[in-house]
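Chemist: Following is a predicted model, sequence given first.
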Amino acid sequence: MNSADFTSDAFVAKMDSYLKNHLSPSRYEHSASTADTCRALAAKFGYDQKLAYFTGLAHDIAREYSKEELVEWASRDGKPVRDLDLASPVLLHGRAGAMVLKKEFGIEDQDVLDALSAHTTGTAGMKSLAKILFVADYIEPKRKHITPEFLASLEGLDLDGMVYAVLMGTLNHLASKGKGVDPEALELKQELEHAE
Ligand SMILES: [Fe+2]
Ligand SMILES: [Fe+2]
């Protein structure tokens, strides 16, 4: 299915009702709010708003899967499932979600699939759509941890600047909890710090 098909009003409505029926109410609300925020960021940065909305809506489609389901679905993308993932299978919900969109919904758009795969931790080499999702997932208005000061600090930043701010917010949070950081997130940090 190409993007004109899966971003059509009919298909978006179908995805919306699927998510409403399969996710907890709060996760569904977060998904809808992330979709709205994706659309706003796409408008701001001149990206395809329908594609961004759909990607935001669907991004947590596998977030409530069991550990076993997460490992099984994620491994279908052919990349290794790391010890780190097995220790914390929720990290796999992005990769698993990408495979659900591909295999259950026929979505082949690589930018959408990559955006879902990368959204959990961030990774080097993300394209615009993945960056929009990464930022929107963190700043959507239903998120409790976002302060007006943090949102104000994003004003005037370009998309990479926003990704960096969000990434540092996550890394600082993990550090404060004494939790380890996924190497993929550190690769993204390095990439952004060395970008011209
Ligand atoms: Fe997620
Ligand atoms: Fe999310």
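Modeler: Cool, got the structure. Numbers count the residues shown, from 1 in each chain. Ligands and ions are numbered 1, 2, ... in the order given.

Chemist: rest of the way, CA atoms for contacts and neighbours
Modeler: OK.

Chemist: Excluding chain neighbours, what is closest to the residue nearest in space to the middle of the chain?
Modeler: The chain has H119 as the residue nearest its centroid, 3.1 Å off, counting by C-alpha atoms, centre = their mean. In this structure, H119 finds its nearest non-sequential neighbour in F134, 5.2 Å apart by C-alpha to C-alpha, 6 or more residues apart in numbering.

Chemist: ok, now E64?
Modeler: The spatially closest residue to E64, leaving aside those adjacent along the chain, is L23, at 7.0 Å (C-alpha to C-alpha, 6+ apart).

Chemist: what's around the one you found, how many residues?
Modeler: Counted by other C-alpha atoms under 10 Å, the residues lying close to L23 total 18.

Chemist: what does R95 give?
Modeler: 27.

Chemist: for D5, same thing?
Modeler: 12.

Chemist: Name the nearest residue to it, sequence neighbours excluded.
Modeler: Nearest non-adjacent residue to D5 (C-alpha to C-alpha, 6+ apart): F11, at 7.1 Å.

Chemist: I'd like the distance between the one you found and G180.
Modeler: Plainly put, F11 is 39 Å away from G180 if you go by C-alpha to C-alpha, to the nearest Å.

Chemist: Look at those two and report which has more neighbours.
Modeler: Higher neighbour count among F11 and G180: F11, with 15 against 10, using other C-alpha under 10 Å.

Chemist: Thank you kindly, that will do.
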